[in-house]
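*Asks:* coords please:
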Amino acid sequence: MQRLRCAIFIDFDNMYSGIRALDEAAAERFAEDPAAWLTWIENRLERPTEDLAEARRTLLLRLCYLSPHRYGKYRSGFVRAGFQVVDCPPLTSQGKNSADIRMVLDMMDALEHETRFDEFILMSSDADFTPVLLRLRTRDRRTTIITSGYISAAYRGACDLTIDSGAFIEDALRDEGVSPAAPAPPPVDTTLHKMARHLLMVVTAGQVVRADALPALYKRHDEFRRSQDWLGFYSLRALTEQLVRLQPELTFDEDAAGWSVVLAEPTFTLTAAERQLDELGHWIASQLDESIGPLPAASLAQSVLSHFGDEVRGSFWYGHRSFSALIQALAERGHPIGLRDDGAYVGLQAPLSTLEELDPRTRAARLVARLNRLLDLPRLDPGQYRALFDTLAGFGALNPFNLTDVSRRLRDELRDAGHEVSRGHASFVLKGLTFQHYPFEYPDHEPEVLAETFLRNVKVL
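*Replies:* Numbering: from 1, shown residues only. As a prediction, the model looks like this:
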């Protein structure tokens, strides 16, 4: 039998945190019993190409990279499973470590190793590994990635086989005989941050939340319902003031009828905005001039955030609230840039007027098609998306949240109602909600808030 010699590289921090956001019990099985899912990789994971379908996979080189101060307690399990564990302590005050650089260097060393490794298995969702995967392809090596969340189209295209987090959890980490233990009540600080995020979601969806509606909103949190003193703040106003402090995007609006929580107006001076807008416009135009064509708006927005940093974040896109609105403002100021393909791309001298002349349904169809190509966004029609969010809202509290079970249930109920939505599409939406920290543990959910949260995640992909 043909032998498939393999090297496996695990970005533990990335994998554990990503899986934990989807299924806490599965994350613990991943961290505590690597020998079990290694057996699955060797014996049951499909081979990267058809010509290797009958090959016997052997994991000869096993490397795991983790932050010792955060995840050192999981080291022993990987040592027992035959891994070399590489400590990657933080190198900056923000906690950034050198795991990705160490992994790339070790992969390059493995490429030149006297043992010719036929397959490189990389467990990470970090698209920064795309160049090394392309290098491995030029050296005629097979590559497999196992992910913990969303990955870019470029990262997916650079490898031979991709196993997404949902499939990995269900096939390799599922333990049907053990029910997850009920989580311990979170500390007050954690509860406050969850409540603040929830309040922001609701305000963003509805723009205004009056004071008399807040108690019902807060009662969706078990910790708040158990509290007799407004979580130690002793009044509705004092508690809400703390939540608003935790979310700078929120503020209070006072009128004769009382007070409300609303979206804050960006605090940004016009004088500074004029100067910085022009600087940004010139920078974006130079990036477009150096490219071979229009750039995806999402990736260009990330580049702007990386280059201009807190200056952009703190001003809510220089007072325009969204990247697309900022691009339109720059075009109006005379910069030779504009939106294309219904806002999915930014290019030089884009004819913005033609976008408005398109039929709305045509614009929507083109945008969805573009996002499908770039992000694998499910190509569902508005009725299917509406049914998906309506059905999910009816599930009530999902505590603990389990991606495998919820995606299966969502698919089945939609199918019974006459809506053909695949489990993969359901998983895509559910993952997007988890990456935005949607509080599935609440007993009540609103379809509009679910949809707004999912849309927010699509915008940052």
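*Asks:* packing partners for the helix or strand where W37 lies?
*Replies:* Here W37 sits within helix 34-43, counting by DSSP states H and E. Here helix 34-43 touches helix 24-32, strand 56-66, helix 75-80, helix 165-172, going by 3 or more CB pairs under 8 Å, 6 or more residues apart in numbering; DSSP states H and E. The way it works is simple: take the backbone N, C-alpha and C, and place the C-beta from them, glycine included.
*Asks:* With respect to P215, which of the ones you listed lies nearest?
*Replies:* helix 24-32 (29.5 Å; CB to CB).
*Asks:* ranges for the helices of the stretch 251-400 of the chain?
*Replies:* For the stretch 251-400 of the chain, helices defined by DSSP state H, counting those that start in this stretch occupy the ranges 270-290, 297-308, 310-313, 316-319, 323-332, 352-357, 360-375, 382-393.
*Asks:* For those helices, which has the smallest mean pLDDT value?
*Replies:* For the helices of the stretch 251-400 of the chain, the weakest mean pLDDT is recorded on helix 352-357, namely a mean of 43.
*Asks:* what about the residue lying closest to A53 once chain neighbours are set aside, which SS state?
*Replies:* The shortest distance from A53 to any residue other than its chain neighbours is 5.3 Å, reached at R47 (CB to CB, 6 or more residues apart in numbering). Of the three states, R47 takes coil under DSSP: H, G, I helix; E, B strand; the rest coil.
*Asks:* check contacts around R47.
*Replies:* Counting by CB atoms under 8 Å, 6 or more residues apart in numbering, R47 touches L4, A53, A55, R57, L161.
*Asks:* And the contacts of the one helix or strand A196 maps to?
*Replies:* For A196, the element it lies in under DSSP H and E is helix 188-206. With CB under 8 Å, 6+ apart as the test, helix 188-206 has contacts from 186, 209, 217-218, 220-221, 223-224, 231-232, 240, 242-244, 246-247, 249-250, 261-263, 437-439, 442, 446, 448-449, 452-453, 456.
*Asks:* CA atoms only for that helix - export them in PDB, please.
*Replies:* Output in PDB follows, covering the C-alpha atoms of helix 188-206 (Å, rounded to 0.1, in the frame of the first residue of the first chain):
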ATOM      1  CA  VAL A 188     -20.400  40.300  36.800                       C
ATOM      2  CA  ASP A 189     -17.800  41.900  34.500                       C
ATOM      3  CA  THR A 190     -18.500  39.200  31.800                       C
ATOM      4  CA  THR A 191     -22.200  39.700  32.200                       C
ATOM      5  CA  LEU A 192     -21.900  43.500  31.800                       C
ATOM      6  CA  HIS A 193     -19.900  43.100  28.600                       C
ATOM      7  CA  LYS A 194     -22.500  40.700  27.200                       C
ATOM      8  CA  MET A 195     -25.300  43.000  28.100                       C
ATOM      9  CA  ALA A 196     -23.500  46.000  26.500                       C
ATOM     10  CA  ARG A 197     -23.000  44.100  23.300                       C
ATOM     11  CA  HIS A 198     -26.600  43.000  23.300                       C
ATOM     12  CA  LEU A 199     -27.800  46.600  23.900                       C
ATOM     13  CA  LEU A 200     -25.600  47.800  21.000                       C
ATOM     14  CA  MET A 201     -27.100  45.100  18.700                       C
ATOM     15  CA  VAL A 202     -30.700  46.200  19.600                       C
ATOM     16  CA  VAL A 203     -30.000  49.900  19.300                       C
ATOM     17  CA  THR A 204     -28.200  49.400  15.900                       C
ATOM     18  CA  ALA A 205     -31.200  47.500  14.600                       C
ATOM     19  CA  GLY A 206     -33.800  49.900  15.900                       C
END
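*Asks:* mean confidence score for the following helix or strand past that helix?
*Replies:* Remark: after helix 188-206, the chain's next helix or strand is strand 208-210, criterion DSSP H and E. Strand 208-210 carries an average pLDDT of 85.
*Asks:* from the middle of its chain, how far away would strand 208-210 be?
*Replies:* 28 Å (CA atoms, centre = their mean, to the nearest Å).
*Asks:* That one pairs with which strands, and in what direction?
*Replies:* strand 258-263 (antiparallel) (DSSP bridges).
*Asks:* about what we covered before: quickly note the distance from the residue nearest to A53 to R142.
*Replies:* According to CB to CB, to the nearest Å, R47 and R142 sit 8 Å apart.
*Asks:* shared neighbours, those two?
*Replies:* L4, L161.
*Asks:* per-domain residue ranges of the chain.
*Replies:* Using automatic domain parsing, the domain ranges for the chain come out as 3-172, 188-263, 295-360, 378-460.
*Asks:* what number of residues lie near R56?
*Replies:* Residues near R56, counting by other CB atoms under 10 Å, number 13.
*Asks:* For it, name its beta-bridge partners.
*Replies:* Bridge pairing for R56 - DSSP bridges - gives R3.
*Asks:* Make residue 1 into 21 and carry on from there
*Replies:* OK, 21 is where the count begins now, so the last one is R76.
*Asks:* residue contacts, R428?
*Replies:* R443.
*Asks:* ok, now how distant is it from S37?
*Replies:* According to CB to CB, R428 and S37 sit 24 Å apart.
*Asks:* same thing with N117?
*Replies:* Taking CB to CB, one finds N117 at 13 Å from S37.
*Asks:* Who has more neighbours out of those two?
*Replies:* A side-by-side neighbour count of N117 and S37, using other CB under 10 Å, places N117 first with 20 against 15.
*Asks:* and the gap between that one and Y338?
*Replies:* Distance from N117 to Y338, counting by CB to CB: 33 Å.
*Asks:* Great, nothing more from me.
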